[in-house]
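Student: What follows is a predicted protein model with its sequence.
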Amino acid sequence: MKIYVTDPKGKEHELDAVEGWRVMEIIREYGLAIKAECGGACACATCHVYIDKKWLDKIPPKREEEEEMLDEAFEVQENSRLSCQIIFDETLNGLKVTLAKNPT
Ligand code: FES
């Protein structure tokens, strides 16, 4: 199974995805620049990604904690999500996301 991740420079990467892992963990394991400072506790918003519009319906809805963290993130769009809050499973095979830029 795969996910496709576009980095902030616009380059797309094909990543092997593991069922049961958080999308953030898959991206981090591959070595792409994702800070994920809180390690997936929904407390930092540095795992912010934009979901490809074709995939928006297939992603489980946000929980309140995620909504609240996203309120504090930068350059939030309608398709913004925290990638640590999305658990990969086979229904997401082929998912496309773009990494949001983190403020430095
Ligand atoms: S890793 Fe901190 S909110 Fe996702």
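Tutor: Now that the structure is in, tell me what you want to look at. This is a predicted model, so every value here is computed, not measured. Numbers count the residues shown, from 1 in each chain.

Student: show me the contacts for the residue nearest the centre of the chain.
Tutor: Nearest to the mean C-alpha position of the chain, counting by C-alpha atoms, centre = their mean, stands S83 at 2.8 Å. Counting by C-beta atoms under 8 Å, 6 or more residues apart in numbering, S83 touches 22-24, 27, 34, 36, 47-49, 97. Heads up, the C-betas are built off the backbone N, CA and C, glycines and all.

Student: Out of those residues, which sit inside helices?
Tutor: Of the contacts of S83, the ones assigned to helices by DSSP state H are 23-24, 27.

Student: Looking at these, spot the one nearest P61.
Tutor: Closest approach to P61 among the ones in helices among the contacts of S83 (C-beta to C-beta): V23, at 15.1 Å.

Student: hang on, that closest one packs against D89?
Tutor: No - with contact taken as C-beta atoms under 8 Å, V23 and D89 are classed as non-touching, separated by 10.6 Å.

Student: more crowded one of those two?
Tutor: A count of neighbours by other C-beta atoms under 10 Å puts V23 above the other of V23 and D89, at 27 against 13.

Student: What segments of the chain are strands?
Tutor: With DSSP state E, the ranges of strands along the chain come out as 2-6, 12-16, 48-51, 80-82, 95-99.

Student: Could you look over the ones you listed and pick the most buried one?
Tutor: Most buried of these, by mean neighbour count (mean count of other C-beta atoms under 10 Å): strand 80-82, with a mean of 24.

Student: List of residues touching that one?
Tutor: Strand 80-82 is contacted by residues 24, 42, 45, 47-51, 59, 62, 66, 69-70, 73, 97, 100 when judged by C-beta under 8 Å, 6+ apart.

Student: out of the residues you listed, who's near the ligand?
Tutor: Filtering the contacts of strand 80-82 for proximity to the ligand by C-beta under 6 Å from any ligand atom leaves 24, 42, 45, 47, 69.

Student: Scan the residues you listed and report the most crowded one.
Tutor: Ranked by the number of neighbours (other C-beta under 10 Å), those place C47 first, at 30 neighbours.
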